[in-house]
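*Asks:* Next come a sequence and a model predicted from it.
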Amino acid sequence: MRGKFLKVAVAATATTMLATACSGGGNDSSDDAAGQAGGELRIYNAEPAFLLPSAGDDEPSLYVIRQLYSQLVKYNAETGAPENDLAESIESTDQKLWTIKVKSGYTFDNGEPVNADAFIRAWNFAAYSPNGQNNGYFMKKIAGFKDLQSTDPDGDGPKKAPEPKAKELSGLKKVDDLTFTVELDTPFSGFPTTIGYPGFSPMAKACVDDSEKCNETPIGNGRYKIEGSWQHNVGINLVRSDTYKGEPGKADKLTYRIFADVDAAYASFQSGELDVMYTLPPARYKEAKSQYGDRLFELAGDSLTYVGMPIYNDAFKKKEIRQALSLAIDRQSIIDAVFDGRQAPATGFIAPSFQGARENVCQYCKKDVEKAKALLAAAGGWPAGQKLTLWANAGAGHDQWLQAVGDQIKAALGIDYELKVNLQFAQYLETADAKKFTGPFRLGWGPDYPYLETFLAPLYSTGADSNNSTYANPEFDSLLTQGDGANSIDEAIPFYQKAEDLILEDLPVLPMWWRKEAAVYSENVDKFVWNKVSDADYGSISLKQN
Amino acid sequence: MGRYVIRRLLQFIPTVLGTMFLLHYITSLAIQFSGNPVRAIFGDRTPPPALLAAVTERLGYGDPCLDQKGNPCFGLFLDRMQKIFSLNPDFGVNLRLRPVTELVSDALPYTLKLLVIAILFQSIVGIAAGVWAGLRSGSFADNLVKISTVFLISVPIFVLGLVVREFVGVKFGNVLRGQEWIPEVISRGVFSPGFKPDYPLASLIIPGMVLGAVSLATTARLTRTSIMENLRADYVRTARAKGLANKRVIGVHTLRNSLIPVITFIGVDIGSSMAGAVVTETIFNVPGIGRLVTLAARTGESSVVIGVVTMLVLVVLIANLLVDILYAVLDPRIRYE
Amino acid sequence: MSDLTSAGTAIGGAPVGGDGPAPETPETGGKDHNASLWADARRQLVRDPVFMLSFLYVLVVGSMAAFPSLWTSQDPRACSTDRSRIPPSGDHPFGFDILGCDYYSHAIYGARPSMIIAIMATGAMVLIGGGLGLLAGYYGGWVDTIISRVMDIFLSLPFLLGAIVFLTVIKRQNPYTIAMVLFLLTWPVIARIIRGSVISGKDLDYVQAARAVGAGNGRLMFRHILPNAIAPMLVYATIVLGAFVAAEATLTFLGVGLQPPAQSWGIMISVHQVYFLEDPWLLLFPCGLLVGTVLSFILMGDALRDALDPKFR
Amino acid sequence: MSTDVNVKMDAIPGLDPNAMPLQVKDLHVEFRTRNGIAHAVNGVSFDLQPGETRAILGESGCGKSVTAQAIMGILDTPPGFVTGGEILYRGVDLLKLPEAQRRKVRANKIAMIFQDALSALNPVFTVGFQLGELFRKHRGMSRKDAKARSIELLDLVKIPAARQRVNEYPHQFSGGMRQRVMIAMALALDPEVLIADEPTTALDVTVQAQIMALLAELQRERNMSLVLITHDMGVVADVADRISVMYAGRVIEEAPVNDIYASPAHPYTKGLLESIPRLDLKGQELSAIKGLPPVLTNIPRGCAFNPRCRYAQDVCRHDPPVPLYQVSSARTAACHFWKEVKGDE
Amino acid sequence: MSDYVLETRDLVKHFPLSQGIVFKKQVGAVRAVDGINLQLRRGETLGIVGESGCGKSTLARMLVGLETPTSGDLFVQGKNMAKMGGAERRRGRRNIQLVMQDPYTSLNPRMTVGDIVGEPFEVHTDVLPRDKRRARVQELLALVGLNPDHINRYPHQFSGGQRQRIGIARALALNPEIILCDEPVSALDVSIQAQVINLLEKLQDELGLSYIFIAHDLSVVRHIADRVAVMYLGKVVEIGTEDEIYENPTHPYTQALLSAVPVPDPRLRGLRDQIVLTGDVPSPANPPSGCRFRTRCWKAQDICAEKEPVLEPQAKSPHPSACHFAEVRDVVHAAE
């Protein structure tokens, strides 16, 4: 559910290598209301991109927005299953037209009611392209989305674009004050799951009218409200909202301290200046483990690092080549050397924590040099003298492990490699969009919502936006459509699993590993709560009272 | 004097415009050769082209000249200059739509505080060490200062910063924090591993000292040389012949003359210190200018780079001007030219 | 003075020795040694243990850069993640880095880019910066005005910030581009030094004497003015060589310098600095080499300044 | 805190108001340099009566300035060291006084003016500050009073518009005016002895005449003793009462002014007189002294002048002419052959 | 005309003074040399005396071509140097060579004596073939009384007097007709000064040189010069033979100058008619109207401010003297 924007932020500070993401159950049950209320929780954060729910899609933003806004749906801390929050009910008969009823009595911080209009207003605002809201992307399944996009007049990039055809999504219809309907372009069984994402938060009218101000001083509807306004690069202070009707936050105050460098933040944590860090500097993992013991929280994550295969390049057309390359890599040893063991080797394409994920389904994800050589030979071998070019974006610490990958391929298959790691992220992504990679390329993927479809459709269905490998398989596409149209999640899952089987054989990308969460918290924390989907749930963390 | 200041201020104009154009040109080249920086906002998810176009347009990267490799984009430059030199100076916005002027006004105070601490530290300690060594040339003190300054100069500032953060800020700080009798402003403020909003000044002291450390070495070396040269000056001999106490001969007659080159150095050094803040601010998490520019350069936010660096250049130039004025105050021979 | 300060190194004032107002002592009675000031300087330097030690160290590093195979038979690119971060031992005096590459051979091969960057940048700075300074100082007038304004522009860009901006734009971060950026941002310093000494030098009596004899511009510049302006430049260049070695590391730390899989001390330091609490030797070895090199260049510069300073004659 | 320094001065034990204001006995100074020990002053003795002008004549490097600095106690130490002798002010050996007391002698009793007033005046302070400092530090005057006294002093040395110029900096004055400021500074505390080290060498002749006239006038008014250090035989002839000629760190001849010009008793003095062109005489070929002055780290054995001396014989190469030969009651010379030299006239 | 080896006509050098913030505009000029007419005969020594700031050094620099005259003509052996082009002027320049004041700064410390003395041959390559140069340099060294074997030594290995001899050897290298000596002995010790003066005189006799001898030391000038020109604020105020100037000065400035020179003879103390001038020399940027000396002159009357006196023989001055009231006054009493 977290965007990958984090990597942009991380890429910017060269010393940081990785931050974390992920979901998972807390080690203590959050339903057990033993935690006491009160106190100030001091939280590590990086500088958020936006505090506007329609725009903030990066980890640091979401971690703040989640405490400021509540959505129609929330996720069970342990199972990750969607539960109604602001929604009274979400119903559909055809998975295409959804009727949503909103609970009454909720208000924004400024007193405006949270009603059907608040949602319609927010979603339209996000989807309308001239507003340039990053989370507009999430509205694309709603009918009429295309009409809110301006069309590129000459098709060659940025020029003054004309006004879009419509200002409002035709798929959103208000029924009464607390009821509205959402019509999708195509049936989608996972829709109720998706709308727990903060991008689907309601927005007050005052907020939409002056979104810039609302970004600095959010008008939320959640457990906490902002104190003062956003102090850029310094901090964000939240206090418990006394008007919130739902379960109130535990700590009286949430104080986010903003750091540009995770090492600097860790030093502050060590000095007792922070209570929670949702991530650790990779090189300090061992030390933290020995020093903090139980207070180091670990959990398998759902953020995938993969090495994409440029299928559009002749050298990678044969699946045996791709299989051979995958077999040459010892994922665990790289994880141990470069990441201090803070990753979990991938054995499939769906995050293990997700409903519908299966273990050890990837037969090509274990090192097997003999088999790799055989497959390579079967595919006609690697062109003599040609170097394998491994791509990654610059400055984000990817070159280390990529180099290790290259070393292992070279050792196993005798293919010499070179690294192409000098492109900044923007240029790297444009290269990806333009399908100009000349060799395996590093990319990552985090789920958009806790539904296994998010690991399949956007990445591998024919012509999908993020299908950087240009994988095209009609059978795969049709299995996804069937899954989307199934009547329930349980009915949908087998279709998706069959689709996964196809790519496990074809390997349009080589899955590398899932990031492991590692958070530390201080002795002040009484009960640490980690939501399986929405990560560190600061509002539910209680502090020791004395 | 007034004429001199005005003339110097007028001389700034071509320098500042030249610098702005240089920055404008290289950032334009960056976009022309390595693509639209807006794309990076969306990360792995490929955005709908319409959304990308809309955001691009909104952020001011829509000028067609940015599609032609090597085009110096004079039109865009003039546009920018018009916006900047209007009544409401508009330096544009960053990728997150925050106005550059706001970014700078947020960040600049931290960097300036850091700089002031660094300069105070380097001047006070550097000059004291230099005087001490200069007065006792060849002695143990002299050699101590000589060796420690050369060593200080040779260690890269980021290594120094990291070591100080871990050992002084965290380790030693934790010891202090264990002691009840130490005031919190010391144990939690001064000896913190980085900038803390609770102690906005105290927590900048150590970062400032790290920033000033390298220049401190140079200041000390320069002072030492200068003191030694001036001790031999005829007018110092005159001061002795006047029967003045040694303290006065050195404190009044030698020091003021010796400080002239030192002050010049410190002034010129402000620019480099400003740049050195890039490293220090990263290590000690100071939300200052250096960090801002580094991030902006990395993400290709040309408006930020141009805006911030231009303002920095102005700060540097004005600092140099102030030093020149101070120089004239200290050395009347310049004043009356 | 230097914009390099922040890159880890600054250029300081000359130490002045403790000699008195030695009376004028023409050595007419002495034996006839055909020594120039340079030869005198050389003799003094050879006797200076600090200079000789520094010089030796620089020679060692220089030979690492030029002939790494003299120093190690290991291939620094033969890595195995199985050996990640194994501490130093007899066969592998520096141990292994995180990717399991031999750290000692990495250090040896890492000398080259550092030295190439420093030498190329300094060379360009001396030749081009010095040349422009000479032209500006000698001809004055509009030549001086143009060169000085351009100098102002480059000088007003704080060194590290300028380097970050330039290098992020250039994108191709190899020793040559880094050397070019270092040169671009520092040439005005040398140009200014040379310009200053040329301006004061061109009115010196012996230059006027040569002019009175009828010597042309070329002869005046290269035979009379430049040789006497070159000493401060040489001293500065020596110190700046050290500063550039440190600058390479700092740029790498900031993520705009050389990037792996290239090998340089800067990369070694910046990649392993995060491990310095757990495995300090990973930081200590490259840092020691780097600091030693920078120190040597600075001490050499200091000694050179003392030896060339006419005040000591 | 108005301290009258004169009171403290009287407290110096052994001070004899009737003794000579200045007497130098067998002074030795050496400079320890990288190239060896330079023997700058090798046993210089002379004395000074109240109101008398004593000229110390010699070429550069002969030790005359070093002698002056040693008397003032402002030698750069290291490398310069006084290694022997006595410097008596009214019978008290200054070399044995603690620094604090010795400091009180400077400017109060013995003052000095330097050759190059531009470098001898601190460029960064106003003339008024540098003058007033003396009154403030030695006499404990307030800033205002000190300034008033400074203006008086500038008037005294005939600097026009003293009231304005007191606030100016040394570089704003012309060479002659600067030297006047130096003189004013030296006279500020009414010293008994004034040491003038080449006071007019850097000046043009017309200005030199002005300055020498001023000095003479002030000396007469105050009955001050003057030690005039110079290489200019003309200036000496004009103002000195007695002359000490120095060569290689020693006084090689000492005599009343008329005697020396009429009949020098040392070949060096004689050579100097013969080698200078004279304004009043249409010259024939000048008779130059051959060779060069000795290097102070390597002074010839015997008589230091022997390699350049046309009278030199073997004895000169071995035995230094010590003690001085008494030429007449008021006259000494350091030459074995002083009679021949004198008789040659 | 051509019996003069050197002649100047109304030679003027003004240094512009500029002011302005961005665009400099000329607001005035320092009139360093303001109309000088001099003639030098073959074999003659012309002394030029004056105090600092009188323009004598600027004049010297113009004569040897280091400074371009603002206006006026400079004839060397009848050829007008001021109107000549580059190559021709360079050749013409060979005939007039310079000996500078400070022997410590006028020799390039990085060059050997051989290089310094031989440099004129490197510049004027047609004078002497390469292989003969070294021998010629050694010859020159011998001529000025230095050991020819010291050709490879560096200047710092010589004493001041010896260095000045090197400077003289350099000036002699191109066999010039004229040598311009700019304060050649003022930086030297008295005992050394005589050696150099004697050398200059010897060389003049042997080589038939003409000297222009610039000095502030009037005694030295009297000793060496045949004719003397006295300068004040950029102008020649009096010119005549050595006897005329020293025995019968007619310009008040000359008289003041001469009377100020101390004479090394204590017997003359108090007997001399000493004229002590008051005040400082006015700024050459803003010289007084009329006679430039009038501000310090005891004879000054109204006419002096109105009319500038011409340098020509006056009623009571047989030799040229630029004073309305020129009159002989004996200020130098020779010792009996």
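*Replies:* Nice, I can see it.
*Asks:* Spell out which parts of the stretch 151-300 of chain E neighbour chain C.
*Replies:* E:152, E:153, E:154, E:156, E:157, E:158, E:159, E:160, E:162, E:167, E:170, E:174 (C-beta under 8 Å from any C-beta of the partner chain). Just so you know, the C-beta spots here come from the backbone N, C-alpha and C atoms, and that holds for glycine as well.
*Asks:* Surely residue B:84 touches residue B:101?
*Replies:* No - distance between residue B:84 and residue B:101: 9.7 Å, which falls outside the contact criterion (C-beta atoms under 8 Å).
*Asks:* Touching both of those two, which residues are there?
*Replies:* Listed contacts common to residue B:84 and residue B:101 are B:90, B:91, B:307; contacts here mean C-beta atoms under 8 Å, 6 or more residues apart in numbering or on different chains.
*Asks:* what's the burial count for the second one?
*Replies:* Yep, that's residue B:91 we're talking about. 21 (other C-beta atoms under 10 Å in any protein chain shown).
*Asks:* isn't it right up against residue B:102?
*Replies:* No - the pair residue B:91 and residue B:102 does not pass the contact test of C-beta under 8 Å, sitting 9.5 Å apart.
*Asks:* For the host helix or strand of residue D:40, buried residues please.
*Replies:* Element membership of residue D:40 [criterion: DSSP states H and E] is strand D:36-48. Neighbour-count burial for strand D:36-48 flags D:38, D:39, D:40, D:41, D:42, D:43, D:44, D:45, D:46, D:47, D:48 (criterion: 16 or more other C-beta atoms under 10 Å in any protein chain shown).
*Asks:* ok, of those residues, which one's closest to residue A:84?
*Replies:* Comparing those against residue A:84 with C-beta to C-beta places residue D:38 closest, at 100.6 Å.
*Asks:* so where's the stretch 1-150 of chain E uncertain?
*Replies:* Applying pLDDT under 70 to the stretch 1-150 of chain E picks out residues E:1-2, E:19-25.
*Asks:* mind listing the strands for it?
*Replies:* Using DSSP state E, counting those that start in this stretch, the strands of the stretch 1-150 of chain E run over E:4-19, E:25-41, E:45-49, E:71-76, E:79-80, E:96-99.
*Asks:* Of all those, which one is nearest residue D:92?
*Replies:* Here strand E:45-49 is closest among the strands of the stretch 1-150 of chain E (C-beta to C-beta), at 48.7 Å.
*Asks:* Regarding residue A:243, what is its secondary structure?
*Replies:* At residue A:243 the chain is in coil, as set by DSSP: H, G, I helix; E, B strand; the rest coil.
*Asks:* List the residues that contact it.
*Replies:* By C-beta under 8 Å, 6+ apart, residue A:243 lies in contact with A:107, A:109, A:111.
*Asks:* Could you tell me which of the residues you listed are located in helices?
*Replies:* Using DSSP state H, no member of the contacts of residue A:243 falls in helices.
*Asks:* how about the residue in the stretch 151-300 of chain C that chain A sits nearest to, secondary structure?
*Replies:* Here the stretch 151-300 of chain C gets closest to chain A at one residue, residue C:255, 2.6 Å apart by C-beta to the nearest C-beta. Following three-state DSSP, the label given to residue C:255 is coil.
*Asks:* any idea how far it lies from chain D?
*Replies:* Distance of residue C:255 to chain D, given as C-beta to the nearest C-beta, to the nearest Å: 47 Å.
*Asks:* Just give me the residue closest to the centre of chain D.
*Replies:* residue D:229 (3.7 Å; C-alpha atoms, centre = their mean).
*Asks:* quick one: contacts for that residue?
*Replies:* Contact partners of residue D:229, counting by C-beta under 8 Å, 6+ apart, are D:55, D:56, D:64, D:65, D:67, D:68, D:195, D:196, D:197, D:198.
*Asks:* pLDDT wise, what is it at?
*Replies:* We have a pLDDT of 91 for residue D:229.
*Asks:* For whichever residue of chain B sits closest to chain D, which non-adjacent residue is closest in space?
*Replies:* Closest approach of chain B to chain D (C-beta to the nearest C-beta) occurs at residue B:243, with a separation of 3.4 Å. Once flanking residues are discounted, residue B:243 sits nearest to residue D:106: 3.4 Å by C-beta to C-beta, 6 or more residues apart in numbering or on different chains.
*Asks:* In a strand, residue A:237, correct?
*Replies:* Yes - applying three-state DSSP, one finds residue A:237 inside a strand.
*Asks:* Hmm, it is touching residue A:225, no?
*Replies:* No - judged on C-beta under 8 Å, residue A:237 makes no contact with residue A:225 at a distance of 10.2 Å.
*Asks:* So between those two, which is more surrounded?
*Replies:* The neighbour count for residue A:237 versus residue A:225, taken as other C-beta under 10 Å, is higher for residue A:225 (22 against 18).
*Asks:* where does that one land in three-state SS?
*Replies:* strand.
*Asks:* Could you tell me how many residues sit around the nearest residue to residue A:463 once chain neighbours are set aside?
*Replies:* Among residues not flanking residue A:463 along the chain, residue A:472 sits closest, at 7.5 Å (C-beta to C-beta, 6+ apart). Using other C-beta under 10 Å, the number of residues around residue A:472 comes to 15.
*Asks:* hmm, back to that, relative to residue C:249, which of the contacts of residue D:229 is nearest.
*Replies:* Residue C:249 lies nearest to residue D:65 out of the contacts of residue D:229, by C-beta to C-beta, at 53.2 Å.
*Asks:* got a pLDDT number for the residue nearest to that closest one when sequence neighbours are not counted?
*Replies:* Leaving aside its sequence neighbours, residue D:65 sits nearest to residue D:197 (C-beta to C-beta, 6+ apart; 5.5 Å). We have a pLDDT of 88 for residue D:197.
*Asks:* Around chain B, pick out the residues from the stretch 51-200 of chain C.
*Replies:* So the stretch 51-200 of chain C meets chain B at C:149-150, C:152-153, C:155-162, C:164-166, C:168-169, C:171 (C-beta under 8 Å from any C-beta).
*Asks:* okay if I get the buried residues of strand D:36-48 as CSV plus pLDDT and distance to residue C:264?
*Replies:* As requested, the buried residues of strand D:36-48 are arranged in CSV below (pLDDT from 0 to 100; distance: C-beta to C-beta, whole Å):
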residue, pLDDT, distance to residue C:264
D:38, 84, 53
D:39, 86, 58
D:40, 86, 57
D:41, 88, 61
D:42, 87, 63
D:43, 85, 67
D:44, 88, 66
D:45, 88, 71
D:46, 88, 72
D:47, 87, 75
D:48, 89, 74
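*Asks:* Any chance of JSON lines for those residues, columns distance to chain E?
*Replies:* JSON lines is the format used below for the buried residues of strand D:36-48 (distance: C-beta to the nearest C-beta, whole Å):
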{"residue": "D:38", "distance to chain E": "16"}
{"residue": "D:39", "distance to chain E": "19"}
{"residue": "D:40", "distance to chain E": "16"}
{"residue": "D:41", "distance to chain E": "18"}
{"residue": "D:42", "distance to chain E": "19"}
{"residue": "D:43", "distance to chain E": "22"}
{"residue": "D:44", "distance to chain E": "19"}
{"residue": "D:45", "distance to chain E": "23"}
{"residue": "D:46", "distance to chain E": "18"}
{"residue": "D:47", "distance to chain E": "20"}
{"residue": "D:48", "distance to chain E": "19"}
